[in-house]
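A.B. asks: sequence unavailable; structure follows:
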């Protein structure tokens, strides 16, 4: 998405060439390949663990961290290596997105009209909002200290990063739709009039 925005704003005359169907297939294959490789590594590591502490997972999401609790081997080093590899893959995508947006913002700031700048920024804001929401929920779940882990908190945190970003995605992207904004304003006005 960041590269698409970059091509649309920074190279509008070359957009068709840069975002050809071949380029889109390559980018989608790279994203899916990263996800598949990461999932495959976690799954292979999990299935190779010798489990001894029961088989009841206290969550409705079967997370790797929960499965590691059942292992009597010292598997944290292998899992840490896989997590570092996965983070490197994700960090590569993040760097590409940041570099794209740096170039986008420099190009947008060179647009002479304020209306043109507003239009270009609004084109990017929905994607940036989704990235921020996804990264913040994943960071909350990943960086949560184990000392505050509990049977009631862990599923809530899992729901936070598994459900909230995909559920908010259509809403955030549709907020750039003018007709939807008009309907939301009318709805909010009706709600405010009913509750004085």
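C.D. replies: Here it is on my side, so go on. Bear in mind the structure is a predicted one, so any value in this text is a computation, not a measurement. Residues are numbered from 1 along each chain as shown.

A.B. asks: quick check: buried residues in the longest helix seen in the chain?
C.D. replies: The longest helix of the chain (DSSP state H) is helix 76-109. Judged by neighbour count (16 or more other CB atoms under 10 Å), helix 76-109 contains these buried residues: 78-79, 82-83, 86, 97, 100-101, 103-104, 108. All C-beta spots, glycine's among them, are computed from the backbone N, C-alpha and C.

A.B. asks: which one of the residues you listed is nearest to residue 182?
C.D. replies: Residue 182 lies nearest to residue 108 out of the buried residues of helix 76-109, by CB to CB, at 26.0 Å.

A.B. asks: quick one, what contacts residue 134?
C.D. replies: 161, 165 (CB atoms under 8 Å, 6 or more residues apart in numbering).

A.B. asks: distance of it relative to residue 166?
C.D. replies: 9 Å (CB to CB, to the nearest Å).

A.B. asks: other SSEs contacting the strand or helix carrying residue 25?
C.D. replies: With secondary structure defined by DSSP states H and E, residue 25 is part of helix 21-47. Helix 21-47 sits against helix 64-68, helix 76-109, with contacts defined as 3 or more CB pairs under 8 Å, 6 or more residues apart in numbering; DSSP states H and E.

A.B. asks: list the buried residues of it.
C.D. replies: 38, 41-42, 45-46.
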